[in-house]
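Participant: Build me a model:
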Amino acid sequence: MLPKTTVAVELVTTVAGVAVLGPCYERLLQATANTMPFALHEWHVAWCRHFLNCHSNIRDEPLFYVLRDAQGACVAIFPFIISRRRLGPFKIVSIDLLGADPGLTEIREPLIYPGYEQLAARAVQHQLKKAGRWDWIHWTGIGAAFAEALAADGRLQWQPPQSDFVLDMAPTWEEFRSGLKRNIRESLRHCYNSMKREGHSFELQVIDSPAELQSGLDRFFELHRLRAQMQTAPGHLDRFASKLLRDFLRDVCERLCKRGVLRLFQLKVGSEVVATRIGFVVGDSLYLYYSGFDPEWSRYSVMTTTVAEAIKYAIAHGLKTVNLSTAKDVSKTRWGPRQVDYTSVYENAGRLRSRLAREAYLKARSGVGLQSKVLQRLISVRRNWY
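Facilitator: Okay, here's the model as predicted:
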């Protein structure tokens, strides 16, 4: 390989331009051993088609930087979205990695060929300085080498990391189960025995082809909504209450199903699907996404059973890890996963007006206090998701 001394930078600002980047994504996904569905080309294309400009007062545009080496091979993709808002007579301009949605794109990150972190950081920061007057950039999902290169500029504000929770698979279910804590082993015993005692038998159905996908998603939306309406359990939002969000999930699942990535796990008792969870097999990992279950079956802990059966599926298919997704809660930590932290930083423009604008935006977005309510009337902080 020739010395890494320079890269060419291509700027992509249209959805059509993003749609033809598939080969570039594939090269980087293989080189980085990516296991995240949110970094896949299909996810980014679907996101752009559904979520750009969902609010009349927020103007969003793709700002993708594609870096190539001297031979023309892609060595990095920075999938930015540039957003323009109004604050009275002022314009607020922010740059974020694709995925500013209500919790659907759980992990956002650039794709960088190993060894190109320093060069990529210098190149993309140089380009961003020429992109116009922006107020801040929110970097997420970046590794230590890339973060160090960004920090050379000296204008970063470090944020609490985003945590992800990953289970390492054993060769067999029995070996995996024996390594679990006592409380989850007891919970699993209850899950399986309680249904058996009352004469119920179950099976796991895995939808991975387009033929049954849409009906499977119909049941998923129904069970997800029922779970959100439960009054006797920790609160869960109905993430798919609006048609916009349901349409996005249908689209991205259909695209990933054709790619061979989607797994829709359904726990069936008789002919009834009582619990379901969306999964994505990327590389050698299963990522467990949103779920739902019928509260009438909650006393049998059917969601725990569904997760256990999904883990058995992963082991049987030779996968190395099961990702329980982000956000720390007992439903994840009781399995004893290892915690993976993703770096998050703000890069400021340096102007006082920009710093004040970002503080006002974050305060409005927090939704806490009278000041936040007043600022929300002045700044459009959220798209029309619901």
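Participant: from here on, contacts and neighbour counts on C-alpha atoms
Facilitator: Fine.
Participant: so where is the stretch 51-200 of the chain shaky, pLDDT-wise?
Facilitator: Across the stretch 51-200 of the chain, the ranges flagged by pLDDT under 70 are 87-88, 154.
Participant: so where do the helices sit in it?
Facilitator: 117-129, 144-151, 173-178, 182-197 (DSSP state H, counting those that start in this stretch).
Participant: okay, the shortest one in CSV with CA atoms only?
Facilitator: What follows is the C-alpha trace of helix 173-178 in CSV, where atoms were taken according to Å, rounded to 0.1, in the frame of the first residue of the first chain:
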residue,chain,number,x,y,z
TRP,A,173,-26.7,-22.5,25.0
GLU,A,174,-26.0,-24.7,28.0
GLU,A,175,-22.5,-23.1,28.4
PHE,A,176,-23.8,-19.6,27.9
ARG,A,177,-26.6,-20.2,30.4
SER,A,178,-24.3,-21.6,33.0
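Participant: what packs against that helix?
Facilitator: When contacts are defined as 3 or more Cα pairs under 8 Å, 6 or more residues apart in numbering; DSSP states H and E, helix 173-178 sits against helix 302-316.
Participant: Buried ones in the helix it packs on, by neighbour count?
Facilitator: For helix 302-316, a neighbour-count test (16 or more other Cα atoms under 10 Å) marks 302-315 as buried.
Participant: what residues does the helix or strand just after that helix touch?
Facilitator: Sequence order places strand 321-326 as the next helix or strand after helix 302-316, per DSSP states H and E. The contact list for strand 321-326 (Cα atoms under 8 Å, 6 or more residues apart in numbering) reads 106-107, 162-169, 284-289, 311, 314, 332.
Participant: Next: stretch 330-340.
Facilitator: Residues contacting stretch 330-340 (Cα under 8 Å, 6+ apart): 163-168, 180-181, 183-184, 324.
Participant: Could you give me the ChimeraX syntax to select whichever of the contacts of strand 321-326 are buried?
Facilitator: Here is the ChimeraX command that selects the buried residues among these (16+ other Cα under 10 Å):
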select :106,107,162,163,164,165,166,167,169,284,285,286,287,288,289,311,314,332
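Participant: out of the contacts of strand 321-326, which are inside strands?
Facilitator: 162-168, 285-289 (DSSP state E).
Participant: Mind putting these into JSON lines with distance to Glu175?
Facilitator: Output for the ones in strands among the contacts of strand 321-326, formatted as JSON lines (distance: Cα to Cα, whole Å):
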{"residue": "Gln162", "distance to Glu175": "30"}
{"residue": "Ser163", "distance to Glu175": "26"}
{"residue": "Asp164", "distance to Glu175": "24"}
{"residue": "Phe165", "distance to Glu175": "20"}
{"residue": "Val166", "distance to Glu175": "17"}
{"residue": "Leu167", "distance to Glu175": "13"}
{"residue": "Asp168", "distance to Glu175": "12"}
{"residue": "Ser285", "distance to Glu175": "18"}
{"residue": "Leu286", "distance to Glu175": "19"}
{"residue": "Tyr287", "distance to Glu175": "21"}
{"residue": "Leu288", "distance to Glu175": "21"}
{"residue": "Tyr289", "distance to Glu175": "25"}
